[in-house]
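Engineer: Coordinates only, no sequence provided:
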């Protein structure tokens, strides 16, 4: 993958640095993730941004780590 240098506001870089530490990723990775979430959110304005972010995270997880969805039986009243 090729890289490109861009100028980013220092406040955004600080926020990305903080978020990257808590997410155990690089600042570059955090900014890229935010960009992907923003793009996907603009492409899907009817979905909440947090849903878009969680969907992107789940799509990036390795298939072998996934657990099949098993619905719980309905609770009896």
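Structural biologist: Yes, it's here. Quick caveat: nothing in here was measured; it's all calculated off a predicted structure.

Engineer: average model confidence for the helix ranked longest in the chain?
Structural biologist: Of all segments of type helix in the chain, defined using DSSP state H, the longest is helix 27-43. Helix 27-43 shows a mean pLDDT of 94.

Engineer: Report the distance from the helix or strand just after that helix to the chain centre.
Structural biologist: Using DSSP states H and E, the helix or strand that follows helix 27-43 in sequence is helix 49-60. Taking Cα atoms, centre = their mean, to the nearest Å, one finds helix 49-60 lying 5 Å from the centre of the chain it belongs to.

Engineer: Report the mean confidence score over helix 49-60.
Structural biologist: Regarding helix 49-60, the rounded mean pLDDT is 90.

Engineer: Give me the contacts around that helix.
Structural biologist: With Cβ atoms under 8 Å, 6 or more residues apart in numbering as the test, helix 49-60 has contacts from 33, 36, 37, 40, 41, 44. Heads up, the C-betas are built off the backbone N, CA and C, glycines and all.

Engineer: how about the second one, what does it touch?
Structural biologist: Put plainly, it is residue 36. Neighbours of residue 36 in contact, by Cβ under 8 Å, 6+ apart: residue 56.

Engineer: which of the contacts of helix 49-60 sit farthest apart?
Structural biologist: Spatial extent of the contacts of helix 49-60 (Cβ to Cβ) is set by the pair 33 and 44 at 16.3 Å.

Engineer: More neighbours: which of the two?
Structural biologist: Taking other Cβ atoms under 10 Å, residue 33 and residue 44 do not tie; residue 33 has more neighbours (19 against 13).

Engineer: Between helix 49-60 and the longest helix of the chain, find me the angle.
Structural biologist: If you take axes from the mean of the first three to the mean of the last three Cα atoms, to 10 degrees, helix 27-43 sits at 120 degrees to helix 49-60.

Engineer: Just the buried residues of helix 27-43, please?
Structural biologist: Burial within helix 27-43, assessed by neighbour count using 16 or more other Cβ atoms under 10 Å, is assigned to 27, 30, 31, 33, 37, 40, 41.

Engineer: Is the first one in contact with residue 16, as I believe?
Structural biologist: Going back to what we said before, that points to residue 27. Yes - Residue 27 is in contact with residue 16 according to Cβ atoms under 8 Å; the separation is 4.9 Å.
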